[in-house]
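Asks: Show me the folded form of this:
(one chain, ligands or ions: 1)
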Amino acid sequence: MTDSDPQLIRHATIDDLDALAAMESECFPAAEAADRSSLCARIETYPECFWLLIDGEIVMAFINGFATDRRDLTDDMYEDAAQHNPQGDWQMIFGVDTAPKYQHRGCASALMRKAIEDTRAAGRKGLVLTCKDRLVGFYAQFGYEDEGISESTHGDVVWHQMRLTF
Ligand SMILES: CC(C)(COP(=O)(O)OP(=O)(O)OC[C@H]1O[C@@H](n2cnc3c(N)ncnc32)[C@H](O)[C@@H]1OP(=O)(O)O)[C@@H](O)C(=O)NCCC(=O)NCCS
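Replies: Numbering: from 1, shown residues only. Down below sits the predicted model:
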């Protein structure tokens, strides 16, 4: 993406639910994907912790997660939107999704830069995410440090926990 692209980044509303649920199931295997009811609860509770890359009416990519004072990302967080603490120290990242047809053109990177900028502006300590081996290098580009294997067993996968500390 360049500054001259017409795309914009905004937070979510409940009207985005269908598009986000469809993208989540396109991007992740069923055991890892957030289902519609989980995404609905997240949007209703923390719409400001969703970042969507939009082109016209189309959602090309999105990032979501909640804020908390807890330091580590644990599996209970995915399904429990009520744990969101608007003043929380850490911005957790639960999902980074780019629709397959828009991948490889900088969408996730643009969203990640914006999420980092907004998290810094919110006065938090940083961001935490979990990812598979193959994406450790992707997140390291933004300043995330690999803290090793997470206690998460989400989707029966081995996850690295990565943290970007301001
Ligand atoms: C991972 C994902 C979000 C990336 O989205 P994207 O919009 O294509 O990403 P970007 O175009 O911003 O960045 C991709 C670039 O980052 C760089 N990159 C990717 N993996 C990298 C790595 N391990 N090390 C270093 N650089 C890497 C490459 O330059 C890559 O370019 P390429 O795709 O042309 O090879 C997308 O593939 C996706 O939705 N996958 C399915 C869901 C998923 O796995 N999400 C992540 C959960 S942790």
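Asks: and the gap between the closest residue to the ligand within the chain and Asp72?
Replies: Nearest residue of the chain to the ligand, counting by Cβ to the nearest ligand atom: Gly137, 2.4 Å away. C-beta coordinates here come from the backbone N, C-alpha and C atoms, glycine included. Using Cβ to Cβ, to the nearest Å, Gly137 is found at 22 Å from Asp72.
Asks: ok, now His84?
Replies: Using Cβ to Cβ, one gets 16 Å for the distance from His84 to Asp72.
Asks: what about those two, which has more around it?
Replies: Per other Cβ atoms under 10 Å, whichever of His84 and Asp72 has more neighbours is His84, with 19 against 16.
Asks: which stretches of this structure form helices?
Replies: 17-27, 36-45, 107-121, 136-140 (DSSP state H).
Asks: could I get those helices as JSON lines with distance to Thr165 and mean pLDDT?
Replies: Shown next, in JSON lines, are those (distance: least, Cβ to Cβ, whole Å; pLDDT from 0 to 100):
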{"stretch": "helix 17-27", "distance to Thr165": "27", "mean pLDDT": "97"}
{"stretch": "helix 36-45", "distance to Thr165": "24", "mean pLDDT": "98"}
{"stretch": "helix 107-121", "distance to Thr165": "11", "mean pLDDT": "98"}
{"stretch": "helix 136-140", "distance to Thr165": "13", "mean pLDDT": "98"}
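Asks: can you tell which of the ones you listed is closest to Asp80?
Replies: Counting by Cβ to Cβ, Asp80 lies closest to helix 36-45 out of the helices of the chain; the figure is 8.5 Å.
Asks: On the pLDDT front, check Glu31 for me.
Replies: Not Glu; residue 31 is Ala. On pLDDT, Ala31 comes in at 93.
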